[in-house]
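**Student:** using only what follows, build the 3D model:
(chains A, B, C and D)
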Protein chains: 2
Amino acid sequence: MAGATFLMALRQSNVPMPDSRITASDVARKAGVSQPTVSRVFTPGARVSPDRERRVREAARELGYQPNTLARSLNTGRSYTIGVVLACLQNPFYPEALQRLSEALSAKGYHVMVFFAANMAEEVDGVVDNLLAHQVDGIILASVSISNELTDRLKELKIPFVLFNRAQEDRGLPAVTAANFEGGKRAGRFLAAGGHVRIAHIAGWQKSLNGRDRQAGFVAGLAEHGLAPFRIIYGEYDRQKAIAATRALFDCGTFPDAVFVGNDHMAFAVLETLRMDLGLRVPDDVSVVGYDDVPMAAWGTYDLTTLRQPVNRMVGETVSMLLAMINNHPLQGRVEIDSPLILRGSARIPDGWTSPRRIRHPRNTTG
Amino acid sequence: MAGATFLMALRQSNVPMPDSRITASDVARKAGVSQPTVSRVFTPGARVSPDRERRVREAARELGYQPNTLARSLNTGRSYTIGVVLACLQNPFYPEALQRLSEALSAKGYHVMVFFAANMAEEVDGVVDNLLAHQVDGIILASVSISNELTDRLKELKIPFVLFNRAQEDRGLPAVTAANFEGGKRAGRFLAAGGHVRIAHIAGWQKSLNGRDRQAGFVAGLAEHGLAPFRIIYGEYDRQKAIAATRALFDCGTFPDAVFVGNDHMAFAVLETLRMDLGLRVPDDVSVVGYDDVPMAAWGTYDLTTLRQPVNRMVGETVSMLLAMINNHPLQGRVEIDSPLILRGSARIPDGWTSPRRIRHPRNTTG
DNA sequence: CGCCGTATTGAATACGCATTCAAATCAGCT
DNA sequence: AGCTGATTTGAATGCGTATTCAATACGGCG
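**Tutor:** You can find the predicted model right below:
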């Protein structure tokens, strides 16, 4: 990494930090007590007489004292820091997830250290080394490619971790995902019930279990209606590839009358290509269904029928699993969260179908 | 904060960490050397004989040793951690900025701790306290409301910080923004030159200097052509408010023939409302110009003419300013980065105008 | 051979805090 | 008053590393 070289330069330059830090001993001296007493005042659960507590707090306020988290962590062995590893924020699902993860952890007294890793297993490994050196109490691996070696190593090191929106075959690994198979099946049933007969799928990524599950569920859903997919193309969760895939699908003489797309991010590209490039009407000529229900899906421009990944619940589950593991509770395996179908205008709606609840988009869209 | 209560519970429960940590002393013992020698092997710039270095590295590898960053930081007074404070990630400008900030800092050997703060000065204050307790080496305040008290305090504590995409009146404060006044002026000139005569502005936030500068520049740009704004409404960088503002603008008998919008995020809402709600054509009936040039602006659906905020350059400037301050170089004041006008299809283009270069969108859109 | 400057090395210490432990204080009781 | 048990307190110690500092080894030179 380039970082190492620079680090060396800095170390050598040996520039001192401004460092007019106030320590617990300073406060103790000013308050006329011992350093441990100061420590106790700032350690919830320790007892100090009201009189001394008052004196200490006053001295601390006057001096602007704040306990040094590093020193505290060094001797408690808990850093109250969680490492979050992300692949990229292009897909609008992730910014929201990150913000909510951060807020949820923050509410529990934890801090978040973010790392971006290209979607390559080896880079993820390096990043995790980095995290371990930082004594994080736990790790959230958000949708990055994880090698089995890495998960084995993390398990061996007994460092708590949870996979977020990504899983491995091993259902014993702590992971939180949507119920992707069920979601895909729901999409298949819905499009078949809507009377479509040439139903294509622009799938995610072959290497991602998420994508494979959605695809398998989709195929199963169609099969219930005696249908098979018109065609399946891999879009790799990439906008450009989704555009190319759409063109490829609609290039031939007979083309699909419906497309199930592996995530919303690609579905937006599909909608755009259908309308602007190919001059097709949605849903009259083609129905489109996505996956995620990011806030943009509810925008009038897209009005995308999609399977929701409930970010709130996924985040809540992830955080509580991770904190449980940090507190030595028994390790849980994969948790799958139901993916309801959100009916909007981008796909023909079969008679009698309604959204699970009267949701358009419950999330806050301000700011 | 709710965090404190939870913290207390944890402290009291006193659950030990897994903690099978390998220390430098373990490595020293195994390699038959002293702990300081191990330390020197892992401290770039320190000298150790080749023979011992080899033995130490071997022992370290076998034991899976990694230096404990916390202990190291405690000792050197440098944590190699930067705190990044964000308001929200709804506006797609910020996810990209965050990712690039993180990558740039990472390349310099720094880690990023993220904090989300609602856009209230007091909350930002609390977050900064938190950051200070974590001994961050520097702070990036990305577009959050900063009180003068806070910046004064940071200056007094001599903790390096940079405002990103936000500034205060005091031009001596370290801040990186686009050249918002110039950008706004460019928008005004462009729309006036395009022959529009009723040019409205959906502005940002009155409390944000960014927004005020863009607005003032816009007014100045129009004035050069002898025009005054048709009307100015505040959208507060909020999608819903932008929609309401658009409806309000076009509610009356005479309505604008062009709208300059305070940022792209709002401009997308404006475009949608114009087309779907009001049945107007863009740019035939109304021209729209945004500000930011987020990746979505280049999507065919929007094809938004906009003033670019060059994220790369802003991030680069921010990082180098911050690192300079960390290394005790003299403090710089505000840096403004030029905002070129990116011509696309959402606004009528005057004869002879072209984009500065043949950019549609140079940024990587994969992933 | 003896002396001196240089390069390595380990013992000791400091970083800032939490925690153990023993001393001291205090209240409550006989 | 005298004793016991509970509570509060400070001295000492440890967390894992980097950094003095003195001691040692080494190489070159007269």
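
**Student:** can you list the residues of chain A near DNA strand D?
**Tutor:** Remark: the part of chain A in contact with DNA strand D comprises A:11, A:14, A:33-37, A:40, A:47-49, A:51-52, A:71, A:74-75, A:77, using CB under 7 Å from any atom of the strand. Where C-beta positions appear, they are placed from N, C-alpha and C, glycine not excepted.

**Student:** can you pull out the helices in the stretch 1-150 of chain A?
**Tutor:** For the stretch 1-150 of chain A, the helices identified by DSSP state H, counting those that start in this stretch occupy A:2-13, A:24-31, A:35-41, A:50-63, A:69-76, A:93-107, A:121-133, A:148-157, in order along the chain.

**Student:** next one: the stretch 251-367 of chain A
**Tutor:** Using DSSP H, counting those that start in this stretch, the helices of the stretch 251-367 of chain A run over residues A:264-272, A:311-326.

**Student:** packing partners for the shortest one?
**Tutor:** With contacts defined as 3 or more CB pairs under 8 Å, 6 or more residues apart in numbering or on different chains; DSSP states H and E, the packing partners of helix A:264-272 are helix A:239-249, strand A:258-261, strand A:287-292.

**Student:** including distance to B:Val311, could these go into a markdown table?
**Tutor:** A markdown table is the format used below for these (distance: least, CB to CB, whole Å):
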| stretch | distance to B:Val311 |
| --- | --- |
| helix A:239-249 | 18 |
| strand A:258-261 | 28 |
| strand A:287-292 | 24 |
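
**Student:** closest to B:Ala298 out of the helices of the stretch 1-150 of chain A?
**Tutor:** Of all the helices of the stretch 1-150 of chain A, it is helix A:93-107 that lies closest to B:Ala298, at 18.6 Å by CB to CB.

**Student:** A:Tyr234 reaches A:Lys207, doesn't it?
**Tutor:** No - under the contact definition of CB atoms under 8 Å, A:Tyr234 does not touch A:Lys207, with a separation of 10.0 Å.

**Student:** what sits against A:Arg334?
**Tutor:** Neighbour list for A:Arg334: A:167, A:171-177 [criterion: CB atoms under 8 Å, 6 or more residues apart in numbering or on different chains].

**Student:** restricted to buried residues, select these in ChimeraX.
**Tutor:** For the buried members of those, the matching ChimeraX selection, counting by 16 or more other CB atoms under 10 Å in any protein chain shown, is:
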select /A:167,173,174,175,176,177
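
**Student:** could you dump the contacts of A:Arg334 into a markdown table with distance to A:Phe161 added?
**Tutor:** Formatted as a markdown table, those follow (distance: CB to CB, whole Å):
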| residue | distance to A:Phe161 |
| --- | --- |
| A:Ala167 | 13 |
| A:Arg171 | 16 |
| A:Gly172 | 13 |
| A:Leu173 | 9 |
| A:Pro174 | 7 |
| A:Ala175 | 10 |
| A:Val176 | 12 |
| A:Thr177 | 15 |
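
**Student:** adding pLDDT, secondary structure and distance to chain B, write the contacts of A:Arg334 out as TSV.
**Tutor:** Supplementary listing: these in TSV, determined by pLDDT from 0 to 100; DSSP: H, G, I helix; E, B strand; the rest coil; distance: CB to the nearest CB, whole Å:
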residue	pLDDT	secondary structure	distance to chain B
A:Ala167	92	coil	20
A:Arg171	92	coil	23
A:Gly172	92	coil	18
A:Leu173	93	coil	17
A:Pro174	95	coil	15
A:Ala175	96	strand	20
A:Val176	97	strand	20
A:Thr177	96	strand	20
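
**Student:** pick the one among the contacts of A:Arg334 closest to DNA strand D.
**Tutor:** A:Pro174 (25.3 Å; CB to the nearest atom of the strand).

**Student:** narrow the residues of chain A next to DNA strand D to those that are buried.
**Tutor:** Using 16+ other CB under 10 Å as the burial test, these include A:11, A:33, A:37, A:40, A:48, A:52, A:71, A:74 as buried.

**Student:** now the last one, nearest residue through space, not along the chain?
**Tutor:** Spelled out, it's A:Leu74. Take A:Leu74 and drop its neighbours on the chain: the residue closest to it by CB to CB, 6 or more residues apart in numbering or on different chains is B:Leu70, 4.9 Å away.

**Student:** from memory that neighbour sits against A:Ser73, does it?
**Tutor:** Yes - counting by CB under 8 Å, a contact exists between B:Leu70 and A:Ser73, whose distance comes to 5.3 Å.

**Student:** related to what we said a few turns ago, between which two of the buried ones among the residues of chain A next to DNA strand D is the distance greatest?
**Tutor:** The most widely separated members of these are A:Arg11 and A:Arg52, with 41.3 Å between them, by CB to CB.

**Student:** what's the pLDDT at A:Leu157?
**Tutor:** Looking at A:Leu157, its pLDDT reads 85.

**Student:** and it, how far from B:Ala71?
**Tutor:** 18 Å (CB to CB, to the nearest Å).

**Student:** is it true that A:Arg40 touches A:Ser34?
**Tutor:** No - between A:Arg40 and A:Ser34 no contact is recorded; they are 9.6 Å apart, counting by CB under 8 Å.

**Student:** tell me how many other residues surround the nearest residue to A:Val128 once chain neighbours are set aside.
**Tutor:** Take A:Val128 and drop its neighbours on the chain: the residue closest to it by CB to CB, 6+ apart is A:Leu150, 6.3 Å away. Applying the criterion other CB atoms under 10 Å in any protein chain shown, we find 19 residues in the vicinity of A:Leu150.
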